[in-house]
Structure formats: structure tokens, C-alpha cells
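Visitor: I would like the atomic coordinates for the input below:
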Amino acid sequence: MIQICTMTTSFHNRREGGFISYPESIRRCKAAGFDVVDMNMCSMINPLKNELCGDDWERHVDEVIQTRDECGITFYQTHPVFRPGAIVAYSNPEDEAFYWKMMHRCLEITARIGAKWAVLHPSNVPETLDWAPQLEKNHRDFDECVDLAAKLGIGVAFENMVEPPKGGEKPHRFSSYPEELLALHDSYNCDYVKLCWDFGHGNTAVPERHPEAIRMLGDKLVCVHVDDNFGKKDDHYLPFRGNIRWEEVMPVLKEINFPGVLDLELNFASQMPDPLKDDAIRLTAAVARQLAEMAER
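Guide: Okay, the predicted model is just below:
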């Protein structure tokens with residue numbers, strides 16, 4: 001049966017303020033029923049919210065590795081930093097430089113902890129629908145990352161993005177459609193670049209052809225993010241709370257011989273008081289196991 005996974009962000013936020021360390025989060029993910037954990041490093045864009053931003057980051061990574069071994073968990077994929085929204089680049093050069101410093105650090109951490117894939121948000125040029133400038137922008141941004149990943153012995157998986165509501169102020173987001181994601185993949189033509197499908201994002205862009213989209217990605221799909229919504233925005237709901245037809249999309253993973261894990265990307269327990277978090281994440285593990293059974297039918 002396909003393995004289930006959750007992100008370290010399941011236990012990241014404290015309701016009273018501050019954040020939970022990676023080692024504590026890993027131990028609690030394991031206790032909740034997960035043998036595979038996604039090390040989510042998105043908050044590394046803010047030094048006040050992540051211990052891996054400082055000069056002593058390697059010591060913290062060593063603690064993560066020690067906790068991994070003590071708990072008997074594995075890492076399959078990670079989530080490095082990304083620019084919020086559809087920001088093309090930070091206006092402050094120092095912020096932009098820090099972003100790429102953290103991106104490269106995320107890739108190195110991915111390799112150090114033994115994960116196979118780092119999931120990246122593709123870049124976007126909001127003023128055009130043409131693919132050529134979109135692909136050029138992504139290569140300018142990520143060619144160095146792909147080269148670094150290859151040297152580190154890991155791969156990057158580009159993720160489909162959220163499609164804004166039609167008729168709204170926000171323009172179409174490149175890579176929200178499977179055809180665009182495939183074009184980005186094919187433009188690299190190397191084994192170190194694959195794809196990630198976010199089910200919640202897909203439900204905002206192609207809800208009427210969700211199974212077809214996954215089939216299109218085929219053997220290029222190595223990672224998934226599992227979450228639900230009602231097709232309007234990226235709510236990161238627990239599966240079965242939104243309107244994704246899980247009974248239709250899960251079996252397609254078996255059909256394409258998906259090699260990865262079911263990685264939950266939820267905000268289910270983020271604002272709960274600490275005593276409730278563990279029970280909440282145990283529920284998400286039960287939901288993930290139900291999805292895994294659907295994927296085997």
C-alpha cells in the first residue's frame with residue numbers, strides 16, 4: 001500500500017505564539033501514525049520563525065537527522081521556500097538575495113536528511129499568457145537550483161499552482177494547468193526535474209478533468225500534496241471536507257504506478273491549543289490511510 005506522510009508544519013505553530021522545533025514536530029508526527037515526514041522549510045523566508053535561518057543551521061540539521069534515526073521515520077520530499085503569492089522578485093535586493101540563499105540551503109538540507117525530492121513553486125510572469133517568457137523566467141530562476149540538486153544527488157519537482165477565480169482581479173497563474181506543468185518539465189529534459197501535483201490547487205484549475213490531469217503527468221509525477229477545498233481558493237482542508245472526488249482521483253495514482261507518498265499539506269491543527277494537536281493529527285493519519293486504500297482499488 002502507498003505510504004502516508006505529513007509535513008512538519010502539522011505541529012509548527014503555537015497558538016500562544018512562537019513555533020515548535022523540527023525535532024519535536026517529527027516525534028509528534030511519528031506518534032500520530034506517520035512513518036514518513038515532509039520537512040517543510042517554507043518559513044525559512046522569515047528568520048524569526050525558523051531555526052534553520054541562522055549561522056548555526058547545520059547543528060539544527062544534525063538534530064533533525066538524530067531525531068529521524070531515533071524515531072525510525074524517513075523523509076521522501078521537502079518543501080523549500082517560495083515567494084508569497086505570484087511575486088516575480090523582491091523589490092529589495094537584500095530580500096531577494098536572502099531568498100535565494102535560503103533556497104539553496106533548503107536543497108542542501110534536503111540532501112543531508114536523505115530526502116529524494118524538493119518541491120518548488122514555478123515562477124510566474126503575470127502580464128502574459130505566452131509560454132515562452134514563462135519558461136524563460138523559470139529557467140533564469142531555477143537552472144542554478146537544478147544544477148545544485150544534481151550535484152547533491154537529489155531532484156526538484158515543480159508543483160502545479162492555484163488558478164485564481166475567473167473574472168477576478170488576479171490573472172491566470174502559469175503552471176496551474178497540467179499542460180503548462182508538462183511544458184516546464186519537458187523544457188529541462190533531465191532526470192533531476194520531475195513534477196508534483198497538489199490536489200487542492202488542481203481543484204481550482206481543472207476540477208472537471210482532475211483524473212485526466214494526473215494521467216497526463218504519468219511517470220513524470222513523483223510527489224503529491226494532499227488537501228481539499230471547494231474550488232474557489234487554496235483552503236488546505238482535510239480531505240472529504242471539500243468537493244474533490246477522491247474516489248475518482250486516488251485510483252489514478254495506482255494506474256500510473258505513482259512512486260511517491262501521500263503527503264498531507266493541511267492547516268488542520270495549526271491554530272489549535274497544544275493539547276488538541278496530537279489527537280487532530282491522528283485523525284489526519286486515519287484519513288490518509290483511507291485515501292491510500294482508495295488508491296489501491
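Visitor: which parts of stretch 63-76 are buried?
Guide: Buried residues in stretch 63-76, counted by 16 or more other C-beta atoms under 10 Å: 64-65, 67-68, 71, 73-76. All C-beta atoms are positioned from the backbone trio N, CA, C, and that covers glycine.
Visitor: give the contact list for the nearest residue to Lys220 once chain neighbours are set aside.
Guide: Spatial nearest neighbour of Lys220, excluding adjacent residues (C-beta to C-beta, 6 or more residues apart in numbering): Leu195 at 4.9 Å. Going by C-beta atoms under 8 Å, 6 or more residues apart in numbering, Leu195 touches 157-160, 181-182, 185, 217, 220-223.
Visitor: Specify which member of those residues is nearest to Ser25.
Guide: Ser25 has its nearest neighbour among those in Cys223, at 19.7 Å by C-beta to C-beta.
Visitor: For the closest one, give me its contacts.
Guide: Residues near Cys223 by C-beta under 8 Å, 6+ apart: 76-77, 117, 119, 157, 159, 194-197, 260, 263.
Visitor: Which ones among those lie within strands?
Guide: The strands, defined by DSSP state E, take in 76-77, 117, 119, 157, 159, 194-197, 263 from the contacts of Cys223.
Visitor: quick one: which of those is nearest Glu108?
Guide: Glu108 lies nearest to Trp117 out of the ones in strands among the contacts of Cys223, by C-beta to C-beta, at 14.3 Å.
Visitor: what bridges to that closest one?
Guide: Beta-bridge partners for Trp117, by DSSP bridges, are Gln77, Gly155.
Visitor: The residue nearest to Glu108 when sequence neighbours are not counted: neighbour count?
Guide: Spatial nearest neighbour of Glu108, excluding adjacent residues (C-beta to C-beta, 6+ apart): Leu152 at 6.5 Å. By other C-beta atoms under 10 Å, 17 other residues sit near Leu152.
Visitor: surely Leu152 meets Leu107?
Guide: Yes - in terms of C-beta atoms under 8 Å, Leu152 counts as a neighbour of Leu107; the distance is 6.2 Å.
Visitor: Tell me who's in contact with the spatially closest residue to Arg297 that is not a sequence neighbour.
Guide: In space, and not counting its chain neighbours, Arg297 is closest to Pro251: 5.6 Å by C-beta to C-beta, 6+ apart. Taking C-beta under 8 Å, 6+ apart as the criterion, Pro251 is in contact with 294-295, 297.
Visitor: which ones among those are found in helices?
Guide: In helices, judged by DSSP state H, the following of the contacts of Pro251 are found: 294-295.
Visitor: Now do the phi/psi pair for Tyr237.
Guide: With angles defined as degrees, to the nearest 10, Tyr237 sits at phi -70, psi 160.
Visitor: element containing Gly200?
Guide: For Gly200, the enclosing helix or strand under DSSP states H and E is helix 199-205.
Visitor: Give me the contacts around that helix.
Guide: With contacts defined as C-beta under 8 Å, 6+ apart, helix 199-205 is touched by 159-165, 176-177, 210, 213, 224-237, 239, 242-244, 249, 265.
Visitor: before we move on, back to that, can I have the strand or helix carrying the residue nearest to Arg297 written out in PDB, keeping just the CAs?
Guide: Per DSSP H and E: Pro251 is located in helix 246-255. Output of helix 246-255 as PDB, limited to C-alpha atoms (Å, rounded to 0.1, in the frame of the first residue of the first chain):
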ATOM      1  CA  TRP A 246     -11.300  11.400  -4.000                       C
ATOM      2  CA  GLU A 247     -12.900   8.200  -5.200                       C
ATOM      3  CA  GLU A 248     -12.100   9.200  -8.700                       C
ATOM      4  CA  VAL A 249      -8.600  10.600  -8.400                       C
ATOM      5  CA  MET A 250      -7.000   8.200  -6.000                       C
ATOM      6  CA  PRO A 251      -7.100   5.100  -8.200                       C
ATOM      7  CA  VAL A 252      -5.300   7.000 -11.000                       C
ATOM      8  CA  LEU A 253      -2.200   7.000  -8.800                       C
ATOM      9  CA  LYS A 254      -2.100   3.200  -9.000                       C
ATOM     10  CA  GLU A 255      -2.900   3.400 -12.700                       C
END
